[in-house]
Structures are given as C-alpha cells and as structure tokens.
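K.L.:
Could you work out the structure for the sequence below:
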Amino acid sequence: MDWFWWVLIIFWTGGFAWVADNARTALRNRHERKLQLLEAARQERLAVEAAHQPPEPVCGCTHHLAKHDKQGRCHERVEVPTAWDENKKPLRYEAGQCNCQQYVGPQPLSQVFAEDLTDRA
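P.N.:
Residues are numbered from 1 along each chain as shown. Down below sits the predicted model:
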C-alpha cells in the first residue's frame, strides 16, 4: 500500500499532467506526420499516373489534333479581337476561324503487331 501514497503525491503535484501533455503532443505529431505521408503517397501516385499517359496531340494554337484537317488547317472557332484601346489591349471580340497553319506536336502512333526476332526458322 506504500506505492499508493507515492502515486497520490505525484497526482497532487501534477506529475500526470506532464505525462498526459507529452502523450498528447506525441499523438498530434504522429497524426500530422501520417497526413504528410498520405499526401506524399497521393502526389507520387498522381505523378506515376501522369507519367504513363501518352502525350496529348495539341497544336500550337492549343486545339486538339482532331480539330485539324489533312492539310493542317484548324477548324475550331475562336474569339478574334476587333477593337483595341490606347494600350493596345483588346476591347471587343468576335467569333472567327482559328488561323493556325500546321500541327507541330508529337505524332500519335498506331498500334502495330510485330513478331519477336529469333534465330529459329
């Protein structure tokens, strides 16, 4: 029963508050670190997914390759400025034809089947 008095004295002097505060701080730090690890894993997953996607065939006019014909002319409608202010900033726009000339991005490859090259006949 001697230990009971020691525990009671420590409780009265606030010794358990120090233990509880340290435990609370440790749990808070652990939680924050766990959230950081989850965010890092999410960022890594997004980076890996982005790395496995083929490049989008986008023209210099920012329109997709599907908007261009065989000659390279773009058929997308865009806003064309028609009036400017004294600082040469557009004031009014009208709908017009995109006037880019040629697609300059990466060419998408079609899927091709090729047999393995071996020495066997």
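K.L.:
residue closest to the middle of the protein?
P.N.:
With distances taken as C-alpha atoms, centre = their mean, residue 46 lies nearest the centre of the chain, 6.0 Å away.
K.L.:
Remind me which helix or strand it belongs to.
P.N.:
helix 15-51 (DSSP states H and E).
K.L.:
Tell me how many other residues surround residue 75.
P.N.:
The tally of other residues near residue 75 (other C-beta atoms under 10 Å) stands at 11. No exception for glycine: its C-beta is placed from N, CA and C like everyone else's.
K.L.:
and it, what does it touch?
P.N.:
Residues in contact with residue 75 (C-beta atoms under 8 Å, 6 or more residues apart in numbering) are 67, 68, 69, 97, 98.
K.L.:
When you compare pLDDT across those residues, which one is lowest?
P.N.:
Ranked by pLDDT, the contacts of residue 75 bottom out at residue 68, which has 77.
K.L.:
can you tell me which residues contact the residue nearest to residue 61 when sequence neighbours are not counted?
P.N.:
Leaving aside its sequence neighbours, residue 61 sits nearest to residue 100 (C-beta to C-beta, 6 or more residues apart in numbering; 3.8 Å). Shown in contact with residue 100 (C-beta under 8 Å, 6+ apart): 59, 60, 61, 63, 73, 74.
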